[in-house]
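**Student:** coords below, sequence missing:
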């Protein structure tokens with residue numbers, strides 16, 4: 001269920017540079033000391049700092065009443081990837097995550113829709129869930145193939161919370177979930193929120209406390225909408241989790257994997273040694289990021305096989 005992926009041996013200049021970029025990104029785009037409009041603009045600009053994957057057509061669309069990006073890789077198979085971006089529920093966009101989603105779309109050979117859901121504090125919980133639900137239900141009506149739902153950080157928590165809402169409503173669930181460093185406990189009760197603070201180059205615990213405050217807007221931090229870790233997870237689709245060993249949200253992933261397994265859900269959790277929050281977003285600069293992305297199609301193959309070539 002939990003697999004440790006060892007670090008590449010020796011000193012890696014690319015890893016050093018990527019870690020430095022992660023530290024700068026956290027300081028300039030995630031710190032609550034910066035105005036929201038400045039952070040959002042910087043994160044959007046970061047979407048052009050790394051190249052998009054070759055052979056993937058990217059277009060701006062409106063989907064279920066929200067702005068979005070559509071990714072269509074060469075040789076796309078039947079099915080769709082719905083991606084929900086991270087950013088603490090108050091930052092980030094489809095644009096900021098464009099390079100990563102293009103790489104994931106190409107690796108899976110799946111068309112992808114990356115949604116710009118509404119952000120806090122202007123639109124606190126559950127606005128993001130409502131937008132994700134609308135997008136997912138539209139995808140279900142538009143496609144006959146399988147749907148893979150994915151998200152990083154807050155987007156990972158959002159993907160899980162959205163799936164729980166679908167379950168409660170009796171809707172058909174995604175065929176599988178892919179969660180990158182998911183933020184599933186807005187109460188920050190995991191031990192790594194303390195022990196990894198200062199080790200994770202991108203995140204600080206104080207950043208997440210502020211993000212939770214903005215998103216919750218006085219709501220219960222242990223509710224399934226906010227912190228799906230505390231929900232009944234039985235009946236959920238197969239789930240693949242990737243997380244870095246050096247990150248604040250390590251325990252969110254580990255505890256989630258354990259709870260999913262206890263609930264009888266097929267789950268695979270990888271802990272990538274010496275890597276940090278959202279390290280996959282640093283492809284192609286970081287070799288480990290590409291390696292992590294390339295592992296997703298092998299895991300997802302059985303759940304996409306109904307429409308396989």
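**Tutor:** Looks like it came in fine. Remember, it's a predicted structure, so these values are computed and weren't measured experimentally. Numbers count the residues shown, from 1 in each chain.
**Student:** Could I get the contacting residues of residue 230?
**Tutor:** 185, 222-224 (CB atoms under 8 Å, 6 or more residues apart in numbering). The C-beta positions use only the backbone N, C-alpha and C, and glycine is treated the same way.
**Student:** my bad, residue 244
**Tutor:** 181, 200, 250, 271-272, 274-277, 279 are the contacts of residue 244 under CB under 8 Å, 6+ apart.
**Student:** partners of it in the sheet?
**Tutor:** residue 272 (DSSP bridges).
**Student:** Show me the shaky parts of this structure.
**Tutor:** 11, 306-309 (pLDDT under 70).
**Student:** Need the single longest helix in it, by residues.
**Tutor:** Using DSSP state H to define each element, the chain has its longest helix at helix 287-304.
**Student:** how far is that one from where the chain is centred?
**Tutor:** Its chain's average C-alpha position is 14 Å from that of helix 287-304, according to CA atoms, centre = their mean, to the nearest Å.
**Student:** for that helix, packing partners?
**Tutor:** Helices and strands touching helix 287-304, by 3 or more CB pairs under 8 Å, 6 or more residues apart in numbering; DSSP states H and E, are helix 13-25, helix 98-108, strand 147-152, strand 176-180, strand 239-244, strand 267-272.
**Student:** which element follows the first one toward the C-terminus?
**Tutor:** Translated: helix 13-25. Counting by DSSP states H and E, the next helix or strand C-terminal to helix 13-25 is helix 36-46.
**Student:** Give the buried residues for the helix or strand just after that following helix.
**Tutor:** Remark: after helix 36-46, the chain's next helix or strand is strand 56-63, criterion DSSP H and E. For strand 56-63, burial by neighbour count (16 or more other CB atoms under 10 Å) applies to 56, 58, 63.
**Student:** neighbouring contacts of the following helix or strand past strand 56-63?
**Tutor:** Beyond strand 56-63 on the C-terminal side, the first helix or strand identified by DSSP H and E is strand 66-73. Outside strand 66-73, the residues that touch it by CB under 8 Å, 6+ apart are 53, 55-63, 81, 94-95, 98, 101-102, 105-106, 108-118, 131, 134-135.
**Student:** Give me the PyMOL select line for the residues you listed, limited to the buried ones.
**Tutor:** The PyMOL selection below is limited to those of these classed as buried (16+ other CB under 10 Å):
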select buried, resi 53+56+58+63+81+94+95+98+101+102+105+106+108+109+110+111+112+113+114+115+116+117+131+134+135
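**Student:** And for residue 250, nearest residue in space, chain neighbours not counted?
**Tutor:** residue 192 (4.1 Å; CB to CB, 6 or more residues apart in numbering).
**Student:** Secondary structure class of the closest residue to residue 186 other than its chain neighbours, three-state.
**Tutor:** The shortest distance from residue 186 to any non-neighbouring residue, by CB to CB, 6+ apart, is to residue 212 (4.2 Å). Here residue 212 is recorded as helix under DSSP: H, G, I helix; E, B strand; the rest coil.
**Student:** what about residue 212, neighbour count?
**Tutor:** Look at residue 212: counted by other CB atoms under 10 Å, it has 24 neighbours.
**Student:** rewinding a little: could the buried residues of strand 56-63 be laid out in a markdown table, adding distance to residue 255?
**Tutor:** As requested, the buried residues of strand 56-63 are exported to a markdown table (distance: CB to CB, whole Å):
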| residue | distance to residue 255 |
| --- | --- |
| 56 | 34 |
| 58 | 35 |
| 63 | 32 |
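**Student:** Going by distance to residue 302, which of those wins?
**Tutor:** residue 56 (24.0 Å; CB to CB).
**Student:** Pull the contacting residues for that closest one.
**Tutor:** The contact partners of residue 56, by CB under 8 Å, 6+ apart, come to 71-74, 102, 105-106.
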